[in-house]
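Colleague: sequence-free structure coming up:
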């Protein structure tokens, strides 16, 4: 019989999973601002980036929710590097959307 890996008795894994959900919400909020700015300024590139950012935010929130559900079952999880790269890409995309709405990237 294989020994089950020890699980951290603290709340750190749950806080980390909730942080993924908060990050996804922040990306979605930035996406909505980019969409609004793109529609008002009638800039197609800006609202397309907003849509992409909105989808990425939804994926990050879904990842956080799935991670939270797996942690509730007692699984020990490591964050895949691709997920971290996706969040970094989303943060950079949010910065680009902000610069575009300020008119600094033209």
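Modeller: Now that the structure is in, tell me what you want to look at. This one's a predicted model, so the numbers in the text were calculated from it and none came from an experiment. Residues are numbered from 1 along each chain as shown.
Colleague: Tell me where the model's unsure across this protein.
Modeller: 1-10, 76, 104-106 (pLDDT under 70).
Colleague: let's see it at 50
Modeller: In the predicted model, the chain carries no residue with pLDDT under 50.
Colleague: where along it do the strands fall?
Modeller: Remark: no strands are assigned in the chain by DSSP state E.
Colleague: Which residue ranges of this structure form helices?
Modeller: 12-41, 44-72, 81-102 (DSSP state H).
Colleague: Same list, the ones you listed, but as a markdown table with mean neighbour count please.
Modeller: Placement of C-beta: from N, CA and C, glycine included. Converted to a markdown table, the helices of the chain look like this (neighbours: other Cβ atoms under 10 Å):
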| stretch | mean neighbour count |
| --- | --- |
| helix 12-41 | 17 |
| helix 44-72 | 17 |
| helix 81-102 | 15 |
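Colleague: Can you name the residues that contact the closest residue to residue 49 other than its chain neighbours?
Modeller: Using Cβ to Cβ, 6 or more residues apart in numbering and skipping the chain neighbours, the partner closest in space to residue 49 is residue 97 (5.2 Å). Neighbouring residues of residue 97 by Cβ atoms under 8 Å, 6 or more residues apart in numbering: 30-31, 33-34, 37, 46, 49-50, 53.
Colleague: if I look at residue 97, how far off is residue 34?
Modeller: 4 Å (Cβ to Cβ, to the nearest Å).
Colleague: And for residue 73?
Modeller: For residue 73, the distance to residue 34 - Cβ to Cβ - is 36 Å.
Colleague: next one: residue 86
Modeller: If you measure residue 86 against residue 34 using Cβ to Cβ, the figure is 18 Å.
Colleague: next one: residue 46
Modeller: Taking Cβ to Cβ, one finds residue 46 at 6 Å from residue 34.
Colleague: Common neighbours of these two, please.
Modeller: Common neighbours of residue 46 and residue 34, counting by Cβ under 8 Å, 6+ apart, are 97, 100-101.
Colleague: will you turn those into a markdown table that also has distance to residue 14?
Modeller: Formatted as a markdown table, the shared contacts of residue 46 and residue 34 follow (distance: Cβ to Cβ, whole Å):
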| residue | distance to residue 14 |
| --- | --- |
| 97 | 30 |
| 100 | 36 |
| 101 | 35 |
